[in-house]
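>>> The sequence isn't on hand, but the structure is:
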Ligand SMILES: Nc1ncnc2c1ncn2[C@@H]1O[C@H](COP(=O)(O)OP(=O)(O)OP(=O)(O)O)[C@@H](O)[C@H]1O
């Protein structure tokens, strides 16, 4: 039985009447139950992204507290934790998507290899091509399927000739597992595709500019189980070429797609380890309580 199946079994075998869900807002954990440092193995040799002491504030409200984490090359890191624990906020700080929120402020060291993401000289458009993002809700542009994928390569001048652009569009759609379904209607609107196809189109659009890292913020939450399975297969294939960080509410999904899992709790990174260890032998009591379904 794999880790995802064990999680399913645990969840279905529990007696919820005997173990009531804990409302975190009403019963905050004792301060002493937070580890002083993230437990497990937050750091790797030769990381793709090196993040140290990251704090994120919305005005006076601190959403992320001193998070330190490495994201390794060609690995899939899953960010999990209860609603509001700061997963999306942390993810969005990795390609400066939080810059679009006026009251948001990010401090700490955030590096993509040897480049400081928050260096004032950093070209943010360039950064978002290197660190692409796929959102919760598929958001194709109101353009044709072809133009959705060609948009980034055109913007970044990646193709000089029409045939070069055609090649990028075809390769990206193939890698996103969508080519066979759309090759005869490339000039039809992207918004006319099904939800799952639209999400694969958004993945094709992201990878068309050859990013180094792909950030995914709950990419399957608006999809049915079949479309979800396709995206999960795709994540597995994409990891050969890209580094991926994915926020997910589904522990089964984290177990299926990721190599490492990071557990967040009220803005703190409690535990990080290889996914199997986090789900079968969590070190910290908060991680254990979450993965066994005692709160969430
Ligand atoms: N634009 C914003 N302005 C002000 N506060 C925000 C904003 N976005 C998020 N927050 C706050 O930051 C904290 C973390 O939110 P975030 O959305 O990152 O958590 P999350 O773990 O991704 O939650 P969910 O799983 O529900 O999506 C929450 O307290 C939230 O209210």
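On my side now, so go ahead. Small disclaimer: the values here were computed from a predicted structure and weren't measured.
>>> Run a quick neighbour tally on residue 37.
10 (other Cβ atoms under 10 Å). All C-beta spots, glycine's among them, are computed from the backbone N, C-alpha and C.
>>> Go ahead and confirm residue 148 touches residue 201.
Yes - when contacts are counted by Cβ atoms under 8 Å, residue 148 is listed as touching residue 201 (5.7 Å).
>>> Which parts of the stretch 151-296 of the chain are helices?
162-175, 179-182, 195-207, 225-238, 251-257, 275-280, 285-291 (DSSP state H, counting those that start in this stretch).
>>> ok so, going back, give the residues shared as contacts by residue 148 and residue 201.
Shared contacts of residue 148 and residue 201, defined by Cβ atoms under 8 Å, 6 or more residues apart in numbering, comprise 140, 190.
>>> and this protein, which residues reach the ligand?
By Cβ under 6 Å from any ligand atom, the residues of the chain that approach the ligand are 58, 63, 81, 83, 84, 85, 86, 87, 88, 89, 101.
>>> Where does pLDDT dip in the chain?
Along the chain, the parts satisfying pLDDT under 70 run over 1-32, 295-296.
>>> just the strands in it please.
In the chain, the strands defined using DSSP state E lie at 39-40, 47-58, 61-72, 76-80, 104-112, 115-116, 131-134, 213-217, 243-247, 260-265, 268-274.
>>> so how far is the ligand from residue 278?
Distance, residue 278 to the ligand, by Cβ to the nearest ligand atom, to the nearest Å: 17 Å.
>>> Please tell me which one of the residues of the chain next to the ligand counts the most neighbours.
Neighbour tally across those (other Cβ under 10 Å): the maximum, 26 neighbours, falls on residue 87.
>>> does residue 127 really touch residue 95, like I thought?
Yes - counting by Cβ under 8 Å, residue 127 touches residue 95, with 6.0 Å between them.
>>> shared neighbours, these two?
residue 117.
>>> the more surrounded of those two?
Neighbours were counted for residue 127 and for residue 95 using other Cβ under 10 Å; residue 95 has more, 24 against 19.
>>> and that one, backbone torsions?
Main-chain dihedrals, residue 95, degrees, to the nearest 10: phi -130, psi 20.
>>> which non-adjacent residue is nearest whichever residue of the stretch 101-250 of the chain sits closest to the ligand?
Relative to the ligand, the nearest point of the stretch 101-250 of the chain is residue 101 (4.8 Å; Cβ to the nearest ligand atom). In space, and not counting its chain neighbours, residue 101 is closest to residue 58: 7.2 Å by Cβ to Cβ, 6 or more residues apart in numbering.
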